[in-house]
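Enquirer: Take a look and give me a structure for this.
(chains A, B and C)
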Amino acid sequence: MEILVCVKRVPDTAENEISVNSSGSDIERGDLVYSVNEWDNYAVEEAIQIRDKVGGSVTVVSVGDAESEEVLRREMAMGADKGILLSDDAFAGSDGKGLATILKAEILKGKYDLVLTGAQADDGAGQIGGMLAAMLDWPYASLVNRVELLDDKKIKIGREIAGGNQEINEIDLPCVLSIQTGINEPRYVGIRGIRKVASVEIPVHGASELGLNADSVGKTSAKVSRVDYFVPVLGKGAELLEGSIEEKVEKLVELLKSKGGIK
Amino acid sequence: MALQIFTYILHKDGVIDDTALEMVAAAGKIDPAASITAIVVGSKTDAVCNSLIASFKEVWKIDNDALSYPNSEVIRGLLTRVIPKGSTLLFALDPFGMDIGPGLSIKLEGAYVPDAVGFNGIEGGKLKVVRQEYSGQVSTHVLCDISGGAVLTIRPGAFRAVEADAAGGTVIDKTADAMTGGLPGGARRYIEVVQAEVGDVDITKSEILVSVGRGIGEQENIDIIKELAKAVGGDVSCSRPIVDAKWLEKSRQVGTSGQTVKPKVYMALGISGSFQHLGGIKGSPFMVVVNKNPKAPIFQVADIGVVEDLLEFVPLLTEKINELK
Amino acid sequence: METALISPAGASVFGIPTIIFSVLIPIIGICLFAVIMKKRIAPLLKASPDSRFDRIPERVASLIKLWLMQYRQPRYMLAGVLHIMIFAGFLILSIRSTSLVVIGFWDGFILPGFKGIIGHIYNILKDYAATMVLVACIIAAIRRGFFKPKRYAVPEKYGKDHTAEAIFVLGLISTLMISESLYEASLVAAQVISGSEAEFLPPGTLVWVFKNMLLGASSESLQTIHLGSYFIHDLTFFFFLCFLPMGKHFHVITSIFNVFFMRLNKGNIKPVRYGMDESKLDEIESFGIKKFEDFTWKHILDFYSCADCGRCSDQCPANIVGRPLSPRFISIKGRDHSFKKYPLFGSEEKMDEVLIGSVYSEDEIWSCTTCGACEQECPIMIEYIDKIVDLRRGMVDEGMVPQSLQKPLSALEKRGNPWGKMEKKRADWTKDLPEECNVKMLEKGDTAETLYFVDSITSFDDRMQNIGRATAKILSAAGIDFGILGSLEKDSGNEVRRFGEEMLFQDLKSNNTEEIVNSGVKNIVTSDPHAFNALKNDYSGLPPVEHISQTIVKCVKSGKIKLKGIEDGSRIYTYHDPCYLGRHNDVYEDPRAAIDAIPGINRVDMEKCRDRSFCCGGGGLMLFYEPEEEQRMGVVRVEMAKKAGANVIVTACPFCLVNIEDAIKVSGMEGKMEAIDLAELIEIHIADK
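Expert: All right, here's what the predicted structure looks like:
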């Protein structure tokens, strides 16, 4: 099975206090470290496991600047066969649809049976998979937490829905799936693994290689654009509820209701 | 010109989801003058539609036996056929909304913005949407060109529901239009829903966690936590000592050595807040702490603190919440 | 000398000269033994290299102490004394057994140098030796067969009970002793009966008893006993020789080599490959142990040498709290796998090459805290930590790392600490220090005599930061010119290395080495034994490293620090030896001396202390990994402190403090038991100037 996985380089938010720069145009990136989007890691692991079962190949692809090569290498160290970087100045400022357009062009250059994305990203919108599928006219399922191969025409998938329940579907190939965490246990990649693939060449495809019209992507085509970042107002420390125990109960119930703490 | 906004109504077993009225609020926030239409897709939806006319001027109904389970690929096809180009569509951000939204925006050739938590008006055909990123650590304003139509998903709970105000709307049956050309979306076929095993809750996906720590004292007392969790519609989680004592399963442990959770609301009951425990809580949830020790470090990271013995406080809280229902 | 009985070299049975047997038995026995040994040596030749031929004088000295003198045996008193009796008996009787074999075809053979008085003295000695061995065997058999000490039990998952084999071998040894004595006793009895000159038999010995029993026997009976016992001895001897390499009694042959080739360094970890420079690690195709031959030859020799005595597992904290690890079975399973893969008959078996999942389980290998209790106990110096680390290296190389460990490892790679906290916050703990306590920031170009290497947990954990502040105050009070690296410091990597992530460790090491050398400090002090161990034993080219307990003792002695008396006399302190301070670095006395320097302090030792200290649960990455266990190590340790009558546990390691403070809470002993770091304890007792 020929599988393509879309991956993204994102700031590592664990323990990193994300703050907004003085002009509000961006988050403070000086002290950030980056890694592959956590959900994408599960998608790549799933792709590798499928390939190891039935053969074929796994290609990882990322839209981004030269630094995104780092995450492609990490996924190749995990076991992906090939990495492709989609990079062009014309891609800057693309919205979700723009990104999906770029990815679609790359997908149509190959013959893929299955395209996987992560279900979401910390700085993203969980939109690329669904958009891609719609553009390709392929079936799509989101939040996939189980994949079972039936034959070379169709697969059975489980989707995570509310209450920890699982929605089971049969879906025809080729298709696009967005993968939820917990579907597998991604393998560890250390420095050594990355060094082993350090010299593997990663082709870079720009707008011309993909046959994309510069105004179908990038800022000019974008219908959605970010204006600024700001810090939501948060209180400092706990606000201690005062009064008798009954009064505290009363106040807490109100607070819980307003914060969605009571379903 | 006032906007035409469609809101997709989630319903199950004839019960309308709470998000329906939140969507009315959200639509009003986008454009107070908007004409808001509810869309109901399913089978045997008359009761649902009829109760919606209290809140909506117009309710569009697509009703067919084949639609008893909401398969987003099918519904996307149906909506593409009936929704006029240039409309704005709202979905609740849930597994269905996430499934249908992005693809529908492509098919309707509109913009897409997910997980809106607020709106700041329209300027020059562009809607200013408030979103959160990085697990809610920062917020961002996004401009969305809605002039050619848009699909937006709304975070449940972000907008306070507007009470039904006897809008006295009408139900318009769009089934025939939608079904012209047969049932779409045949490449993805719904089979069944597998219910989560009892006692096998994945707390990493829970939105409300009622978390218990050593302050609970004895195993028998765990029941008061379970009752509270049931009352608020959340799941029970715990800190390590509770798992060590084998009072709850390991899968419910929050912490660096347990599960990393990202709830929206986290109630820490009798938990002092070791770094190992706090390390397992991400996404800055609304945190409520009940602890009889006012010096417990967890008060520093909490939003709301209650200095009480949880054995006394929790049953009262549960009782009060149940009274409201 | 005229003999009253015909010797095995001269006798005939049914017309067949018995000399045929006494020639054939040794030839067949030795040939068979040679073939068996060749098969046993085969995997050693295919194994990974190991450098064990250096420092010969040290090795000889260790051999004398640990092998010949059986130095570690009495740590388990009864078993140890029995072993020493049998071992000493074997050494003495080996000469007798050798000459007996020759006597079978060389009548009257006497080993060179054993003529005359020396021979007589030796004979007395060996008679007592044989008696001693027999007595020891009987006691040992009763002990194993009836009293069944717990540590010999074989849990179901590890296979069948080993008692039968043990009793069988004790039977073989007893047979050797009895037959040797009967051979001699029958001759002496015959000599006495015939009135000719007889060898003196020391009273009370087995042979003396037999002689007295046989004095009434006929000469035919004596002749039969004489020949019969000779050949029983001969056959048993060679059977035993060939039986040794079949199981746990292989140690009779291999232990001398195992001790000679023992690891001489403490606290360090073996290189990925011996003889390979660290800068060339990238050239190695595969890291660590994946298949059996990836073990070094010494580690396979370890497997062969394991005597199944169970002392390692009896001391192993992981085993005690019910984790899926028992070091004894790391060896036994390794040995059994080797025997199965390299069978005595037929050629090497094509077997499942990957050890993890077949011989060892992932959880088993991750369960080890590398506390070193097993290695401290093994009487013949079998190594476990290096093997476990090498197995982990293999798993890391294959990506088999528990999810809960992947995040801290990747944070260490990106941020230099397992929590992924920002580098610039590494020195934040100094903010709350009083003004007079000046911590120089070497990252900002300050220079200092001494570097305080803080390490990650003390830098970032809210509770442990207090150890950092206490240490800084002590150094400051002692007038030591010191500074910290601040954001330039990265995790020492002690656990990174021990969890098998060698390349990450190398990165951390070269970063820290460079920064420390560039800072120009003359010496290093740390309050974290894990950092202490890594800097001292894993790093190279650094100024001397000292643990704060050593600094404290020196400063108290020189009068730089004066301590005031204890205020609360009801407190009874006990000192918990951190593994990486004690066992791995032999620092046992300094922390105790530091505590005792506080006037009026009441300190007791726990039963398990010093080199038998019980691990708190493990440090570093162990905080992020929790194997299945019935109980927490820390809880067991707190119980021990309670039993010793203490109500304050003093540790000298931030990880111990985390685990023990947690354990006090878990076991509901808050208010009754307290934990404090040594640096904190000293700091609050510094006398005002």
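Enquirer: so where do the helices sit in the stretch 301-450 of chain C?
Expert: Taking DSSP state H, counting those that start in this stretch as the test, the helices found in the stretch 301-450 of chain C are C:311-315, C:317-320, C:327-341, C:362-366, C:373-377, C:385-397, C:403-415.
Enquirer: do you know which of those lies nearest C:Phe200?
Expert: Among the helices of the stretch 301-450 of chain C, the nearest to C:Phe200 by CB to CB is helix C:311-315 (40.9 Å). Every C-beta, even on glycine, is put in place using the N, C-alpha and C of the backbone.
Enquirer: for the closest one, packing partners?
Expert: Packing partners of helix C:311-315 (3 or more CB pairs under 8 Å, 6 or more residues apart in numbering or on different chains; DSSP states H and E): helix C:327-341, helix C:373-377.
Enquirer: Near chain B, which residues of the stretch 501-650 of chain C are found?
Expert: C:Leu623, C:Phe624, C:Tyr625, C:Glu626, C:Arg632 (CB under 8 Å from any CB of the partner chain).
Enquirer: from these, which single one is nearest chain B?
Expert: When these are ranked by distance to chain B (CB to the nearest CB), C:Glu626 comes first, at 4.7 Å.
Enquirer: so what does the helix or strand of chain A with the lowest mean pLDDT touch, helix or strand wise?
Expert: Within chain A, no helix or strand scores below strand A:239-240, which has a mean of 87 by mean pLDDT, DSSP states H and E. The contact analysis (3+ CB pairs under 8 Å, 6+ apart) places strand A:239-240 against strand B:304-306.
Enquirer: Show me what the strand it packs on is packed against.
Expert: For strand B:304-306, the packing partners by 3+ CB pairs under 8 Å, 6+ apart come out as strand A:239-240, helix A:245-258, strand B:286-290.
Enquirer: quick one: low-confidence parts of the stretch 1-150 of chain C?
Expert: Applying pLDDT under 70 to the stretch 1-150 of chain C flags residues C:1-2.
Enquirer: Going by proximity to chain B, name the top residue of it.
Expert: For the stretch 1-150 of chain C, CB to the nearest CB, closest residue to chain B: C:Lys150, 24.8 Å.
Enquirer: For that residue, the count of nearby residues, please.
Expert: When neighbours are defined as other CB atoms under 10 Å in any protein chain shown, C:Lys150 has 8 of them.
Enquirer: and if you look at B:Pro32?
Expert: 9.
Enquirer: so what's it scoring on pLDDT?
Expert: In the predicted model, B:Pro32 carries a pLDDT score of 89.
Enquirer: Look up phi and psi at the residue nearest to C:Met441 when sequence neighbours are not counted.
Expert: The spatially closest residue to C:Met441, leaving aside those adjacent along the chain, is C:Gly486, at 5.3 Å (CB to CB, 6 or more residues apart in numbering or on different chains). Per-residue torsions, C:Gly486: phi 60, psi -130 (degrees, to the nearest 10).
Enquirer: check contacts around C:Gly486.
Expert: Taking CB atoms under 8 Å, 6 or more residues apart in numbering or on different chains, we find C:Gly486 in contact with C:Arg426, C:Ala427, C:Met441, C:Leu442, C:Glu443, C:Lys444.
Enquirer: Distance check, the third one against C:Ala531.
Expert: Counting by CB to CB, to the nearest Å, the gap from C:Met441 to C:Ala531 is 19 Å.
Enquirer: Quick one: distance of the helix or strand hosting C:Cys137 to the chain centre.
Expert: Following DSSP states H and E, one finds C:Cys137 within helix C:116-142. Between the centre of helix C:116-142 and the centre of its chain there are 30 Å (CA atoms, centre = their mean, to the nearest Å).
Enquirer: and the helix or strand following it, what does it pack onto?
Expert: Later in the chain than helix C:116-142, the nearest helix or strand by DSSP H and E is helix C:163-194. Under the contact criterion of 3+ CB pairs under 8 Å, 6+ apart, helix C:163-194 touches helix C:77-103, helix C:116-142, helix C:206-214, helix C:219-243.
Enquirer: now the angle from the first one to helix C:219-243?
Expert: Between the axis of helix C:77-103 and that of helix C:219-243 there is an angle of 110 degrees, by axes from the mean of the first three to the mean of the last three CA atoms, to 10 degrees.
Enquirer: which secondary structure elements does helix C:77-103 contact?
Expert: Other helices and strands packing on helix C:77-103, by 3+ CB pairs under 8 Å, 6+ apart, are helix C:116-142, helix C:163-194, helix C:219-243.
Enquirer: got a list of what the closest residue to B:Val289 other than its chain neighbours touches?
Expert: Distances taken as CB to CB, 6+ apart place B:Ala302 nearest to B:Val289, at 4.0 Å, with adjacent residues excluded. Counting by CB under 8 Å, 6+ apart, B:Ala302 touches A:Gly237, A:Ala238, B:Ala268, B:Met287, B:Val288, B:Val289.
Enquirer: 6 Å instead?
Expert: Applying CB atoms under 6 Å, 6 or more residues apart in numbering or on different chains to B:Ala302 gives the contacts A:Ala238, B:Met287, B:Val289.
Enquirer: want to try JSON lines for those, with neighbour count and distance to A:Lys263 as columns?
Expert: Formatted as JSON lines, those follow (neighbours: other CB atoms under 10 Å in any protein chain shown; distance: CB to CB, whole Å):
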{"residue": "A:Ala238", "neighbour count": "22", "distance to A:Lys263": "23"}
{"residue": "B:Met287", "neighbour count": "24", "distance to A:Lys263": "17"}
{"residue": "B:Val289", "neighbour count": "27", "distance to A:Lys263": "20"}
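Enquirer: tell me the centre residue of chain C?
Expert: The residue lying closest to the centre of chain C (CA atoms, centre = their mean) is C:Glu375, at 1.6 Å.
Enquirer: Of all the residues in the stretch 51-200 of chain A, which one is nearest chain C?
Expert: For the stretch 51-200 of chain A, CB to the nearest CB, closest residue to chain C: A:Arg187, 2.9 Å.
Enquirer: Would you point out the helix or strand in chain B whose mean pLDDT is lowest?
Expert: Of the helices and strands making up chain B, the lowest-confidence element is helix B:275-278, at a mean of 69, by mean pLDDT, DSSP H and E.
Enquirer: no no, chain C
Expert: Min over SSEs of chain C, mean pLDDT, DSSP H and E: strand C:12-13 (a mean of 86).
Enquirer: tally of neighbours for C:Gly116?
Expert: Neighbourhood size, C:Gly116 [other CB under 10 Å]: 9.
Enquirer: ok, it to C:Arg603 distance?
Expert: Counting by CB to CB - C:Gly116 and C:Arg603 are separated by 60 Å.
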